[in-house]
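*Asks:* could you work out the structure for the sequence below:
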Amino acid sequence: MSIPVSFQPNNSDEISAFLRERSRTGAPVIVRGGGSKAGFGRPLRADETVLDLAALSGITLYEPGELVLTARAGTKLSEIAAAIAEHNQCLAFEPPAFGALFGNDATSTLGGVVASGWSGPRRVKAGAVRDHVLGALAVGGDGEVFKSGGRVVKNVTGFDLPKLLAGSHGTLAVMTDITIKVLPAPEATRTIVVLGLDDHAAIRLLCNVLGGPYEVAGAAHLATQAARRSAVAAIARSDGSATLIRLEGFGPSVADRFAALETLLGQGHQTFALDHDQGAVLWSEVRDVAPLVARDSIVWRLSLPPSDAARTVAAIESSTEADAFYDWGGGLVWLSMPAGVAADAHAGGVRRLLPSGHATLMRAPAGIRAGASVFQPAAPALASLQFRVKSAFDPAGILAPGFMAADRRLEAN
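*Replies:* Next comes the predicted model:
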């Protein structure tokens, strides 16, 4: 039987039948939503069928008073954002739009956002994507349909499988319907900028502020090169680094906390405040990354303790050309490195100098991604656990085989 290049189902039953057949024959499948992340990970293989979820679209339940929404996996994030904005609500985990980073204008979908598990700057306050997923209807690689979670946490029993599926990049199961919690949109937002700090000083400051009573909703540091690429003139023309602190919430509360923060930072620091529109542009840049990294460069995403961040970046910069900016108070580092210099996209140097955490190759030419380990190689014990989890959900290993390191053991069996 010939395998089509793409299959677009209309419901979970069709997905189940499709995966059951593919599992029987061992034919590989890769799941795709809006396609905004098509430039991430290893390239599509010639023998893979694209399981296109575009037809699984639409909000099926939204109860603003209960702060809960259910939508099909292919629902565009812009549709969800518009619907909840009418009730002054938002997706608190601030999902990034990485289409521009990966060189396309495709629209992010709910399924893609949850499957990738990537969160924006507000993660320091609101938590990660997985913390906002209440339930999911999904289909395993063997075609088995299962449901986990619910509309309210107190009614949920059993394993919290949606949290496991968040960040699995479609290698465990195909989510068809997802329930998430939404939260009230901030009534007021203020951003203060501290100029001229080096990376070490900036991260120390951000960690101190995050540990204080200010309820920080964004803590980032743009080193000089990243700051120069900002579309916010006051940042780009400062001719130095910019350390960013965002406060959100009820108007009077934000005003009080911001005044206290200004008093704290006014002691020996050069600071200024951004207006609402400038702040919105700047935090969108931090969230979406692309405006702050060199065009056509190699891009790495490092997740590590803030105490290790500046030292790690300095070590990398001492061995090869690179520039960086920091989010999550230093817990997330974006590295921009020259393309065409290292055949492995600098993976050897970056991972060798990483003392803890993990490094993900976010953007590189397709030829490099085809052979490089995009995700941080796991320690043997963790790789074994990942393999067993993968085998339980996808016994035949047909869902994006080799996309994540642990999957490659399935290809050898």
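
*Asks:* that's a strand at residue 137, yeah?
*Replies:* Yes: the secondary structure assignment for residue 137 places it in a strand, going by DSSP: H, G, I helix; E, B strand; the rest coil.

*Asks:* from residue 169, how far off is it?
*Replies:* Residue 137 sits 18 Å away from residue 169, taking Cβ to Cβ, to the nearest Å as the criterion. (Each C-beta comes from the backbone N, C-alpha and C, glycine too.)

*Asks:* ditto for residue 110
*Replies:* Look at residue 110 and residue 169: by Cβ to Cβ, they are 15 Å apart.

*Asks:* residue 291 too?
*Replies:* From residue 291 over to residue 169 (counting by Cβ to Cβ), the distance is 25 Å.

*Asks:* out of the two, which sits in the busier spot?
*Replies:* Regarding residue 291 and residue 169, a neighbour count based on other Cβ atoms under 10 Å identifies residue 169 as having more, with 22 against 17.

*Asks:* touching, residue 190 and residue 245? I think so.
*Replies:* No: in this structure, residue 190 sits apart from residue 245 without contact. The criterion is Cβ atoms under 8 Å, and the distance is 9.0 Å.

*Asks:* can you tell me how far the residue most central in space within the chain is from residue 14?
*Replies:* Centroid-nearest residue in the chain: residue 118, 1.5 Å away (criterion: Cα atoms, centre = their mean). Residue 118 sits 28 Å away from residue 14, going by Cβ to Cβ.

*Asks:* same thing with residue 7?
*Replies:* Computed with Cβ to Cβ, the distance linking residue 7 and residue 14 is 8 Å.

*Asks:* could you do residue 39 as well?
*Replies:* Computed with Cβ to Cβ, the distance linking residue 39 and residue 14 is 28 Å.

*Asks:* tell me which of the two has more neighbours.
*Replies:* Counted by other Cβ under 10 Å, residue 39 and residue 14 do not tie: residue 39 has more neighbours, with 20 against 16.

*Asks:* so residue 292 makes contact with residue 334?
*Replies:* Yes: the pair residue 292 / residue 334 is scored as a contact, 7.2 Å apart, by Cβ under 8 Å.

*Asks:* for residue 122, list the residues it contacts.
*Replies:* Residues in contact with residue 122 (Cβ atoms under 8 Å, 6 or more residues apart in numbering) are 92-94, 217-218, 248.

*Asks:* ok, which pair from these is furthest apart?
*Replies:* The widest separation within the contacts of residue 122, taken as Cβ to Cβ, falls between 93 and 248 and amounts to 13.5 Å.

*Asks:* so, low pLDDT: which residues of the stretch 151-300 of the chain?
*Replies:* Counting by pLDDT under 70, the stretch 151-300 of the chain shows low-confidence ranges at 151-159.

*Asks:* rewinding a little: make TSV out of the contacts of residue 122 and add secondary structure and distance to residue 363.
*Replies:* What follows is the contacts of residue 122, written out as TSV (DSSP: H, G, I helix; E, B strand; the rest coil; distance: Cβ to Cβ, whole Å):
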residue	secondary structure	distance to residue 363
92	coil	27
93	coil	22
94	coil	20
217	strand	27
218	strand	23
248	strand	30
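
*Asks:* what's the closest of those to residue 394?
*Replies:* Among the contacts of residue 122, residue 93 lies closest to residue 394 (Cβ to Cβ), at 26.4 Å.

*Asks:* what is the burial count for that closest one?
*Replies:* Residues lying near residue 93 (other Cβ under 10 Å) number 26.

*Asks:* do a quick rundown of the helices in the stretch 1-150 of the chain.
*Replies:* 12-25, 77-85, 110-116, 123-126 (DSSP state H, counting those that start in this stretch).

*Asks:* can you list contacts of the first one?
*Replies:* Counting by Cβ under 8 Å, 6+ apart, helix 12-25 makes contact with 1, 7, 9, 28-29, 49, 51, 137, 139-145, 174, 176-177, 394-396, 398, all of which sit outside it.

*Asks:* at 10 Å instead, please
*Replies:* 1, 3-4, 7-9, 27-29, 31, 49, 51, 53, 55-56, 72-73, 137-145, 147, 173-177, 394-399 (Cβ atoms under 10 Å, 6 or more residues apart in numbering).

*Asks:* weed out the non-buried ones from those residues.
*Replies:* Of the members of the contacts of helix 12-25, the ones counted as buried by neighbours, 16 or more other Cβ atoms under 10 Å, are 7, 9, 27-29, 31, 49, 51, 53, 56, 72-73, 137-143, 145, 173-177, 394, 396-399.

*Asks:* quick check: mean pLDDT of the helix or strand hosting residue 389?
*Replies:* With elements delineated by DSSP states H and E, residue 389 resides in helix 380-393, which encompasses its position. The predicted model assigns helix 380-393 a mean pLDDT of 92.

*Asks:* show me what counts as buried in it.
*Replies:* Judged by neighbour count (16+ other Cβ under 10 Å), helix 380-393 contains these buried residues: 386-387, 390-391, 393.

*Asks:* please save the CA atoms from it in PDB.
*Replies:* Extracted as PDB, the C-alpha positions of helix 380-393 are listed here (Å, rounded to 0.1, in the frame of the first residue of the first chain):
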ATOM      1  CA  PRO A 380      21.900   6.600  30.200                       C
ATOM      2  CA  ALA A 381      19.400   6.100  33.100                       C
ATOM      3  CA  LEU A 382      17.200   9.000  31.900                       C
ATOM      4  CA  ALA A 383      17.500   7.800  28.300                       C
ATOM      5  CA  SER A 384      16.300   4.300  29.400                       C
ATOM      6  CA  LEU A 385      13.300   5.800  31.200                       C
ATOM      7  CA  GLN A 386      12.400   7.900  28.100                       C
ATOM      8  CA  PHE A 387      12.600   4.900  26.000                       C
ATOM      9  CA  ARG A 388      10.200   2.900  28.200                       C
ATOM     10  CA  VAL A 389       7.800   5.800  28.200                       C
ATOM     11  CA  LYS A 390       8.000   6.100  24.500                       C
ATOM     12  CA  SER A 391       7.400   2.400  24.100                       C
ATOM     13  CA  ALA A 392       4.300   2.500  26.300                       C
ATOM     14  CA  PHE A 393       2.600   5.200  24.200                       C
END
